[in-house]
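Visitor: Would you be able to build a 3D model of this:
(one chain, ligands or ions: 1)
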Amino acid sequence: MLGERYKYDGRPVVDLTPVQQMVKRQIEDKLDSGRYKTEKVLCAVCGGSSFETLSQKDRFGLPLSAVICRDCGLVQTNPRLDGRSLEEFYHEEFIRMDLSRQKPGREQFVDQYFHGQKIFSYLKAIGILPPKGSFILEVGCSAGGILAFFRDKGYEVSGLDLDEESVRFGVREYRLDLRAGTLAGCSFEKDPDLIIMSHVLEHLSDPNSELSRVRSLLGEKALLYVEVPGIHNLFFNFYDLDFLGYLRITHNYCFSRTTLSNLLLKNGFEVQSIDNRISAICRKGGKNISFQNDYKTAMGYLCRLEVLKKFAFVTPFKIRRFIEGVVCGASKKIGLYGFARSVYRKIINRVEPGQDREQNSDDRQ
Ligand SMILES: [Zn+2]
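Guide: So this is what the prediction gives:
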């Protein structure tokens, strides 16, 4: 365990809205009554069963353990909700618990749209942006804001998501080609030139099967863009050095650059680019069953983070929030808030691409 505060006591480490408190009680009741069952699983990367417990609860105070695999260093929720429970959770509680929102709306869509801009800029910056007219498929597209940005840039786009309400919203309000379902149940007339999986892999029970399906859709020159929230990226954003605040029931996996690379290599992808944020660009490659063990690096980092959290009174996030407050107040006074916000977004995109989407979600809690 990483410390006393990681022991299960039912208490959340973030402020919960009344909606979240109600949903938390609902989940706890289902766990107590046995309606929600948990299962122990082998490591998704190395198949190992030797785990060390990091935490007995998540940020909401729910009794789900985070463990690290001693053989490859992958951090994961284990035991976790079993397949049937997870399906019901995503249907009934996910959006209200994780995003503190009742229904998909314009605000969520705009966040996604700006996120699409960041992915576009990232691909352009590393010189592998597909040409206009290419077909882009997003797996886990929600209401389709990311795809809307690419459509506005001249791409042909389609998306899939299990959340029927978000899909209906994107189709109805923005006339996007979105479908409710999974890759396993859908087919497309064209092969995608780029598949986007943004904040999807960490939620899946079986990322290997999903990556295998993704791989089967990719041609030799096509690209896969994967983005997940990285455990090494807790300094500058709203997690504010708090690994416990980062853990959540909705994440079956918590990746580092190394463990995500291991998973992608295992599933036959050649990683072209990856960073600690974490955004990765891959192409189809040969399967690689050897992997790098991230256990010592991850444990060393998480232990150092705990010490830093205890003693650092001025953190990068607190400085950022202070500057935001000053700039926001001043720009509102002189009537330039909209301009200041767009400049700020551009700066943040450069400093910390890949995190603004979750940042915005959390800000609403
Ligand atoms: Zn492992």
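Visitor: Could I get the full set of strands for this structure?
Guide: For the chain, the strands defined by DSSP state E cover 38-39, 51-55, 66-69, 75-77, 80-81, 135-139, 156-161, 178-180, 194-198, 223-227, 253-254, 269-274, 279-284.
Visitor: okay if I get those as JSON lines plus mean neighbour count, distance to C303 and mean pLDDT?
Guide: (Each C-beta comes from the backbone N, C-alpha and C, glycine too.) Converted to JSON lines, these look like this (neighbours: other CB atoms under 10 Å; distance: least, CB to CB, whole Å; pLDDT from 0 to 100):
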{"stretch": "strand 38-39", "mean neighbour count": "14", "distance to C303": "27", "mean pLDDT": "94"}
{"stretch": "strand 51-55", "mean neighbour count": "19", "distance to C303": "10", "mean pLDDT": "97"}
{"stretch": "strand 66-69", "mean neighbour count": "24", "distance to C303": "11", "mean pLDDT": "97"}
{"stretch": "strand 75-77", "mean neighbour count": "25", "distance to C303": "13", "mean pLDDT": "96"}
{"stretch": "strand 80-81", "mean neighbour count": "23", "distance to C303": "24", "mean pLDDT": "94"}
{"stretch": "strand 135-139", "mean neighbour count": "24", "distance to C303": "35", "mean pLDDT": "96"}
{"stretch": "strand 156-161", "mean neighbour count": "22", "distance to C303": "37", "mean pLDDT": "94"}
{"stretch": "strand 178-180", "mean neighbour count": "19", "distance to C303": "43", "mean pLDDT": "92"}
{"stretch": "strand 194-198", "mean neighbour count": "23", "distance to C303": "30", "mean pLDDT": "96"}
{"stretch": "strand 223-227", "mean neighbour count": "24", "distance to C303": "27", "mean pLDDT": "95"}
{"stretch": "strand 253-254", "mean neighbour count": "23", "distance to C303": "16", "mean pLDDT": "95"}
{"stretch": "strand 269-274", "mean neighbour count": "18", "distance to C303": "24", "mean pLDDT": "90"}
{"stretch": "strand 279-284", "mean neighbour count": "21", "distance to C303": "26", "mean pLDDT": "91"}
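Visitor: quick one: which of the ones you listed is nearest L302?
Guide: Nearest of these to L302, taken as CB to CB: strand 51-55 at 6.9 Å.
Visitor: quick check, that closest one touching the ion?
Guide: No: applying CB under 5 Å from the ion, one finds strand 51-55 separated from the ion by no less than 8.4 Å.
Visitor: Pairing partners for that strand, with directions?
Guide: According to DSSP bridges, strand 51-55 forms sheet pairs with strand 66-69 (antiparallel).
Visitor: who touches the partner strand?
Guide: Here strand 66-69 makes contact (CB atoms under 8 Å, 6 or more residues apart in numbering) with 43, 45-46, 48, 50-55, 58, 74-78, 247, 254, 295, 298-299.
Visitor: would JSON lines of the strands of the chain with distance to D98 be doable?
Guide: As requested, these are exported to JSON lines (distance: least, CB to CB, whole Å):
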{"stretch": "strand 38-39", "distance to D98": "18"}
{"stretch": "strand 51-55", "distance to D98": "17"}
{"stretch": "strand 66-69", "distance to D98": "16"}
{"stretch": "strand 75-77", "distance to D98": "14"}
{"stretch": "strand 80-81", "distance to D98": "13"}
{"stretch": "strand 135-139", "distance to D98": "18"}
{"stretch": "strand 156-161", "distance to D98": "14"}
{"stretch": "strand 178-180", "distance to D98": "19"}
{"stretch": "strand 194-198", "distance to D98": "15"}
{"stretch": "strand 223-227", "distance to D98": "16"}
{"stretch": "strand 253-254", "distance to D98": "15"}
{"stretch": "strand 269-274", "distance to D98": "25"}
{"stretch": "strand 279-284", "distance to D98": "21"}
